[in-house]
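Visitor: the sequence and its predicted three-dimensional model are supplied below.
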Amino acid sequence: MPDSARHVIFRVDSGRYALPLPAVREVVVTPELTTRVPRAPKAVTGVVNLRGRVVTVVDLRPLLGMGEAAGASPKLLLLDRGRRDLALAVAEVEAIEELSRLPEAKAGTGLVQGVALWGSLEVRVLDVEALEARVTGLFQGS
């Protein structure tokens, strides 16, 4: 993670996470109609139609080791991943801010790239490449 860069800060349950701003195409309110995909992994809540494009919706909770969602998440973060349309279900988008990595924070593992400070709050910065690889692995049975 660079020393300082703009990030989208969001909540998953009570935890705060961030993704680099260039990785996020847009934030949308979760459409009422989400179509469940038969035999899809549990982290894949379904697909939605956004302006004529079929977008796969992924619940971050299972990927972050939190268990399954109790209900639908109110917001979707659409990732800018080229031809693949992928949305992350999140509780709330809180801000777009410049974040600096905490000097004492160790390198992250798995999906968490590192820890940054937002005001007095710690924010886990997710690795968008690792996240995409994990989602792809869900469909390949990894």
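Guide: Ah, there it is. What you are looking at is a predicted structure, and each value in this text was computed from that prediction instead of being measured.

Visitor: poorly predicted segments of the chain, please.
Guide: 1-4, 69-72, 102-109, 141-142 (pLDDT under 70).

Visitor: rerun that using 80 as the cut-off
Guide: 1-4, 67-72, 81-84, 101-109, 139-142 (pLDDT under 80).

Visitor: now the strands for it?
Guide: Secondary structure of the chain, counting by DSSP state E: strands at 4-12, 15-20, 24-29, 44-50, 53-59, 75-81, 84-90, 92-101, 112-118, 121-126.

Visitor: quick one: those as CSV, columns for mean neighbour count too.
Guide: Every residue, glycine included, has its C-beta placed from N, CA and C. As requested, these are exported to CSV (neighbours: other Cβ atoms under 10 Å):
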stretch, mean neighbour count
strand 4-12, 19
strand 15-20, 20
strand 24-29, 14
strand 44-50, 18
strand 53-59, 19
strand 75-81, 19
strand 84-90, 20
strand 92-101, 15
strand 112-118, 19
strand 121-126, 19
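
Visitor: so Leu50 makes contact with Leu78?
Guide: Yes: if you go by Cβ atoms under 8 Å, Leu50 and Leu78 touch, sitting 7.4 Å apart.

Visitor: please name the bridge partners of the nearest residue to Leu99 once chain neighbours are set aside.
Guide: Spatial nearest neighbour of Leu99, chain neighbours left out: Ala116 (3.9 Å); criterion: Cβ to Cβ, 6 or more residues apart in numbering. Assessed by DSSP bridges, Ala116 has beta-bridge partners Arg101, Val123.
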